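**Q** fold the following.
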Amino acid sequence: MGKTTSSSAARPTCPTRRDNLTWESEFVLLGLSSDRHTQAGLSVLFGAAYVLTLLGNGLVLLLIGLDAWLHLPMYFFLCNLSVVDIGYTSSGVPQMLVHFLPEKKTISFTRCGTQLFFSLALGGTKFLLLAAMAYDRYVAVCDPLRYIAAGSPRVCVKLVAVCWVVGFLSIISPTLQKTRLWFCGPNVIDHYFCDSAPLLKLSCSDTHHIERMDFFLSLLFVLATMLLIIVSYVLIVAAVLRIPSFSGLQKAFSTCASHLTVVVLGYGSAIFIYVRPGKGHSTHLNKVVALMTAVVTPFLNPFIFTFRNEKVKEVIGDMTKRLLLRDPAACG
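**A** Reported below is the predicted structural model:
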């Protein structure tokens, strides 16, 4: 979902004759800081966060895949969310870590377009998955008798498949249109990865149509799915308040607390970056908030969703006991 950008007088203008047009084949990413010592510290910090993100989300996939107790709709959605988080953080963070090292922080036009496509497609898929998870929580709390049918493996697979297909197909057209733009200098992107808004700002082509399309996709993926989540939770709260016992209330709220936490983190940063008008806002602040989406949220999601879950804790405890008490002779 690209953020809309306002056309400004500073935008490059191409020569009227196409013969004199120079096309930039690579871009320079300014990154987060130009200070060497700051870059060294940030490389260690974000490198460690990236490795822990891969390990945490990988462990979620391993636990849910190996234990039959976790073969439930909620954990199936969590598996897909972990795959999205791994892909999303891998689309930008490795590039950022590499650019902490050399003096010339360049990225080719092809790699820039590829990075842009996967980051936007995975971001859109994630919002659709969060909306699907809200629907799953709604059915589980408000209509538990129907949950067995609504949460069948076939229904879950179809719902998740729609999220992935829509998330990726909707980004193909705007990405292809961006690859046809002309960039005739300057070629410096004030960001740590190729995002839509700073890329469009450098183009000397007419980008009004692409900006409108990006804004529409932002509304579709961010605001529309957020509206679905809000409606789901209004219905959930109404149903929960009718539960007479305190233990029932506590169980219902704990079921939804993790999902709500991730929704607030994900949607808060996305609205700040992609849905606001683009003019007059701090680029540095945008980069900091983008780090929340690319680094912090994927790192925290396994802990928020999974490792605080009582059933997952039991599964981890049982697996640990089996590994510790296994007879070495039986392995032969």
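**Q** tell me how far the residue nearest to the spatial centre of the chain lies from Ser203.
**A** Centrality entry for the chain: nearest residue to the mean C-alpha point is Gly123, 4.0 Å, by C-alpha atoms, centre = their mean. According to C-beta to C-beta, to the nearest Å, Gly123 and Ser203 sit 21 Å apart. Bear in mind the C-beta positions are built from the backbone N, C-alpha and C, glycine included.
**Q** what's the answer for Gly185, then?
**A** Distance of Gly185 to Ser203, computed by C-beta to C-beta: 11 Å.
**Q** so the two - more neighbours on which side?
**A** When Gly185 is set against Ser203 and neighbours are counted by other C-beta atoms under 10 Å, the residue ahead is Ser203, at 19 against 12.
**Q** count the residues that sit near Thr89.
**A** A total of 25 residues lie near Thr89 under the criterion other C-beta under 10 Å.
**Q** now it, nearest residue through space, not along the chain?
**A** Counting by C-beta to C-beta, 6 or more residues apart in numbering, Pro298 is the residue found nearest to Thr89 once chain neighbours are left out, at 4.4 Å.
**Q** for that neighbour, what are its contacts?
**A** Applying C-beta atoms under 8 Å, 6 or more residues apart in numbering, one finds that Pro298 lies in contact with Thr53, Asn57, Asp85, Ile86, Tyr88, Thr89.
**Q** for the fifth one, which non-adjacent residue is spatially closest?
**A** In space, not counting the residues next to it along the chain, Tyr88 is nearest to Leu122; the distance is 4.3 Å by C-beta to C-beta, 6+ apart.
**Q** quick one: that neighbour and Gly92 touch, right?
**A** No: the pair Leu122 and Gly92 does not pass the contact test of C-beta atoms under 8 Å, sitting 10.2 Å apart.
**Q** what's in contact with stretch 114-125?
**A** Contacts with stretch 114-125, where a contact means C-beta under 8 Å, 6+ apart, come from 1-2, 84, 87-88, 91-92, 95, 107, 163-164, 166-168, 170-172, 174-175, 178, 193-196, 199, 217, 221, 270, 293-294.
**Q** just the buried ones from the residues you listed?
**A** Among these, those scoring as buried are 1-2, 84, 87-88, 91-92, 95, 107, 163-164, 166-168, 170-171, 174-175, 178, 193-196, 199, 217, 221, 270, 293-294 (criterion: 16 or more other C-beta atoms under 10 Å).
**Q** how far away is Asp143 from Arg137?
**A** Shown here: Asp143 relative to Arg137, a distance of 11 Å by C-beta to C-beta.
**Q** again, but for Ser34
**A** Here the criterion is C-beta to C-beta. By it, Ser34 lies 45 Å from Arg137.
**Q** name the residue in those two with the higher neighbour count.
**A** Comparing Ser34 with Arg137 by other C-beta under 10 Å, the one with more neighbours is Arg137, at 23 against 9.
**Q** the more buried one sits in which helix or strand?
**A** Under the assignment given by DSSP states H and E, the secondary-structure element containing Arg137 is helix 109-142.
**Q** kindly report the same for Phe27.
**A** Taking DSSP H and E as the criterion, the element that holds Phe27 is strand 26-29.
**Q** show residues contacting that strand.
**A** With C-beta under 8 Å, 6+ apart as the test, strand 26-29 has contacts from 95, 99, 104-109, 112, 183, 187-189, 191-194, 199, 202.
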